[in-house]
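Engineer: Structure, please.
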Amino acid sequence: MTILPWRQRLMTFVELIPVKVLAITRKGEEIKQSIDLDGKTIVVERNTTYESNFKDLEIYHNLDIEYMYMESGQETSEAVSNGSADVTAKDSNKAITEVQLYPKPERKFSHGRTTIFRVGS
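Structural biologist: Numbering: from 1, shown residues only. Now for the predicted structure:
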């Protein structure tokens, strides 16, 4: 919606703050490109944009991905850290907070619009 003076008198506009979606993996098992997801177990919350984005990548690149579902974002990070799953995804603001819960979070690299973080030992 275009911000116009008459609209500003009727409503408050909120500035949009874009966030990136981050893939989270264990140290030494980074995802460098979409094809690296082939054969991996992805853990996400059901019916989220994370799930639909992974499914879109799976179809587009003809990947074989196994899905695991958890109830919360923290549970998905724990599943990656303890080895139950290989990859999860988070919005950057949530990922930075959750990654700090695990030993020595380290930003590995940026690839396109996705930044990869390593978690766990």
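Engineer: So, low pLDDT: which residues of this structure?
Structural biologist: Low-confidence segments of the chain (pLDDT under 70): 98-121.
Engineer: Helices along that one, start to end?
Structural biologist: 5-10, 49-60, 73-81, 92-99 (DSSP state H).
Engineer: So which of those is nearest residue 20?
Structural biologist: Smallest distance to residue 20 across the helices of the chain (CB to CB): 4.5 Å, for helix 92-99. Placement of C-beta: from N, CA and C, glycine included.
Engineer: Put the alpha carbons of that closest one into CSV.
Structural biologist: The C-alpha trace of helix 92-99 is given here as CSV (Å, rounded to 0.1, in the frame of the first residue of the first chain):
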residue,chain,number,x,y,z
SER,A,92,17.6,-14.8,10.8
ASN,A,93,16.3,-13.0,13.9
LYS,A,94,15.3,-16.4,15.5
ALA,A,95,18.3,-18.3,14.2
ILE,A,96,20.8,-16.0,15.8
THR,A,97,19.1,-16.3,19.2
GLU,A,98,18.7,-20.1,19.0
VAL,A,99,22.2,-20.8,17.6
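Engineer: coming back round to it: format the helices of the chain as TSV; extra columns: distance to residue 16.
Structural biologist: TSV is the format used below for the helices of the chain (distance: least, CB to CB, whole Å):
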stretch	distance to residue 16
helix 5-10	16
helix 49-60	16
helix 73-81	22
helix 92-99	13
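Engineer: Pick the most buried one from those helices.
Structural biologist: Of the helices of the chain, the one with the most neighbours on average (mean count of other CB atoms under 10 Å) is helix 73-81, at a mean of 21.
Engineer: Just give me the residue closest to the centre of this structure.
Structural biologist: Closest to where the C-alpha atoms of the chain average out (CA atoms, centre = their mean) is residue 89, at 2.0 Å.
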